[in-house]
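Participant: Got a predicted structure here, sequence first:
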Amino acid sequence: MRHRAAVLCAAAAMVAGSVTAVPVRAATNAPVPGLSWRACGTRDHPRLQCASLKVPLDHADPSGRQLTLALSRVPHTARTSQGPLLVNPGGPGGSGLTLAGFVASALPRSVASRYDVIGFDPRGVGAGDPALNCAPGRFRAVRPDTVPATPALERAGLERARSFAAACGRTYAGVLPYIDTLNTVRDLDSVRQALGAPRISYFGYSYGTYLGAVYAKLYPRRVHRLVLDSVVDPAGVWYEDNLGQDYAFDGRHRALMAWIARHDAAYGLGRDPARIEAAWYAMRAALARTPAGGKVGAAELEDTFVPGGYYNGYWPYLAEAFAAYVHHKDTGPLVEAYEHFAAVDASGDNGYSVYTSVQCRDAPWPRSWNRWRADTWRVYAKAPFMAWNNAWYNAPCAFWPVAARQPADITNGELPPALLFQATDDAATPYSGGVTVHRLLAGSSLVVEEGGGNHGVTLSGNACLDRYLAAYLADGTVPRGGGPADAVCAKSPDPEPLTTKAAWTSSRGSALHGLLGFRR
């Protein structure tokens, strides 16, 4: 992430969201060869097929250096097909290969059978070539406490951010200028061509909603259906959106504390959410001094509980680990939860490398650390749970070695009706993003999960939401209402405490969220 000199010589950057979005234009693509599919089924998804596709590193130079994208599909089985349905789990940096199998199996058979469901690893990700990994082991435990309460801790955080940016710049100097949303969008149209399809349908979660909206902006007449679930606010790409996340995740963390209070009989932590929250922060302080099992310090504890802000199906596991530590100083459940929810392997290192490459390139970030420091302490005063953890996660963008683009303008009046889904209490992509994009995509419809706090709400167990999704994919039917929301569904019930030791992915919701991952 950096050639430090290049960064310091760059023009002063403005905060994303305070700049005027610039229009995006499609590049002229060279002819794309077809795809050769081979069987790659798994136990859960036996019908999966895989292929690879070469795309230009720089779409303006189609005969130049090539990248390889990894693709997957579940072929249609109906007599007639509606063409390809591309699916994306978000990130940026998320692998979508397995998501194709999940979506094909989770949709009603009568709907899925009419599509070739296509998964893909975006450029730089997973099974593609190259697969970025700027600094292997960056998240190896135990990391410094994220809250820079001392100058030494702040220096440690800054050194980690600078060194990561520098490593990316050294290792991928020729690639980083082309790892961004616009180039990924052009890759998607190369996939469309390789599939031989005049139009595609697209279903994206989280960051995938932004990717889909930008694709629709560049290629509106090549869109058949467009589904956006848990919608990124394009006005805040990306610095302001991350600050907004901090407040929202703090609210979801407090929702977990309130849920634990309601289930005092199971956890014995009391009936006062404020006291339970104080006990959580006391646990954090103790782990900062003595990490659990030599693995879970303060930073790792935050990482372990952040997934609970994305999906409340994880709450029973987190609550059990929390209670075991408080009552018995038993660190085993906490270490187990960390290893399942937060420990980062090589694929996680790859995902983070692509995440930073895309976010730091997509839009300007403040180059002055004084700005980051002031903003984060201001947020921390009201919403401490994830403020500094999130700041350090994104801090390499303050030192990124490649100049940033301006954000894309996704305003669109040329699309067929699109369908958006949003939970009102989503932390990763707060509700306002869904409302904004609904307004910017003329003719779109917004379905709201009232009171829901999960991120990624369709195909996760809410039958009301899934009925709207299935109807739309079947024949383009969209609800039409008179307010900001065109349809409202009741939220899925909160989980119950575990009565037995359940599998980590014992429900469709947890299976989906295992594929979507975390950090948008």
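Facilitator: Here it is on my side, so go on.
Participant: Distance check, V237 against D475.
Facilitator: The spacing between V237 and D475, counted by C-beta to C-beta, to the nearest Å, is 33 Å. The C-beta positions use only the backbone N, C-alpha and C, and glycine is treated the same way.
Participant: hang on, D426 packs against A248?
Facilitator: Yes - D426 is within contact range of A248, at 7.3 Å (criterion: C-beta atoms under 8 Å).
Participant: Look at these two and report which has more neighbours.
Facilitator: D426 (28 against 22; other C-beta atoms under 10 Å).
Participant: which residue packs closest to the more buried one, ignoring adjacent ones?
Facilitator: Residue nearest to D426 in three dimensions, not counting chain neighbours: H455, with 5.1 Å by C-beta to C-beta, 6 or more residues apart in numbering.
Participant: Check which residues of the host helix or strand of N370 are buried.
Facilitator: Per DSSP states H and E, N370 falls inside helix 369-382. The neighbour-count check on helix 369-382 (16 or more other C-beta atoms under 10 Å) flags W369, W372, D375, T376, V379, Y380 as buried.
Participant: can you list those residues in a markdown table and add pLDDT and distance to S190?
Facilitator: Listed next are the buried residues of helix 369-382 as a markdown table, based on pLDDT from 0 to 100; distance: C-beta to C-beta, whole Å:
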| residue | pLDDT | distance to S190 |
| --- | --- | --- |
| W369 | 98 | 39 |
| W372 | 98 | 37 |
| D375 | 98 | 38 |
| T376 | 98 | 39 |
| V379 | 98 | 40 |
| Y380 | 98 | 43 |
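Participant: just curious, which of those residues is nearest to R361?
Facilitator: Compare each of the buried residues of helix 369-382 with R361 using C-beta to C-beta and the shortest gap goes to W372, at 18.1 Å.
Participant: so the closest one touches A398, yeah?
Facilitator: Yes - shown here, W372 and A398 form a contact pair, counting by C-beta under 8 Å, at 6.1 Å.
Participant: okay, and the common contacts of the two?
Facilitator: P366 (C-beta atoms under 8 Å, 6 or more residues apart in numbering).
Participant: Same question for stretch 434-443: list its buried residues.
Facilitator: Buried, per 16+ other C-beta under 10 Å, within stretch 434-443: G434, V435, T436, V437, H438, L440, L441.
Participant: For the fourth one, give its distance to E414.
Facilitator: Between V437 and E414 the computed distance is 15 Å (C-beta to C-beta).
Participant: now swap in the third one and tell me
Facilitator: Here the distance between T436 and E414 works out to 18 Å (C-beta to C-beta).
Participant: again, but for S347
Facilitator: Taking C-beta to C-beta, one finds S347 at 37 Å from E414.
Participant: neighbour-wise, which of these two wins?
Facilitator: S347 (16 against 13).
Participant: Give me the nearest residue to the more buried one, chain neighbours excluded.
Facilitator: G126 (6.8 Å).
Participant: need the strands for the chain, in chain order.
Facilitator: 38-39, 49-56, 66-74, 84-88, 116-121, 200-205, 223-229, 419-423, 445-450, 487-490 (DSSP state E).
Participant: contacting residues around the fifth one?
Facilitator: Read that as strand 116-121. 69-76, 81, 83-88, 95-101, 103-104, 127-128, 188, 191, 195.
Participant: what number of residues lie near M386?
Facilitator: Using other C-beta under 10 Å as the criterion, the residues surrounding M386 number 27.
Participant: For the closest residue to it other than its chain neighbours, which residues are in contact?
Facilitator: Nearest residue to M386, sequence neighbours excluded (C-beta to C-beta, 6+ apart): F249, at 4.4 Å. Listed by C-beta under 8 Å, 6+ apart, the contact set of F249 reads V306, G309, A383, F385, M386, N390, A427, A428.
Participant: Just the pLDDT for the third one.
Facilitator: A383 carries a pLDDT value of 98.
Participant: how far away is it from G309?
Facilitator: A383 is 12 Å from G309, by C-beta to C-beta.
Participant: And for the fifth one?
Facilitator: Summarising the geometry, the distance separating M386 from G309, computed by C-beta to C-beta, is 8 Å.
Participant: And the helices in the stretch 301-450 of the chain?
Facilitator: With DSSP state H, counting those that start in this stretch as the criterion, the stretch 301-450 of the chain has helices at 315-328, 332-341, 346-362, 369-382, 387-394, 431-440.
Participant: right, so of these, which gets closest to A135?
Facilitator: When those are compared by C-beta to C-beta, helix 346-362 sits nearest A135, at 7.3 Å.
Participant: Okay, now the unreliable bits of this structure?
Facilitator: Scanning the chain for pLDDT under 70 picks out the ranges 1-32, 501-506, 518-520.
Participant: how about the longest helix along it: buried residues?
Facilitator: Assignment by DSSP state H gives helix 239-262 as the longest helix of the chain. With burial defined by 16+ other C-beta under 10 Å, the residues of helix 239-262 counted as buried are 239-250, 252-261.
Participant: That'll do, ta.
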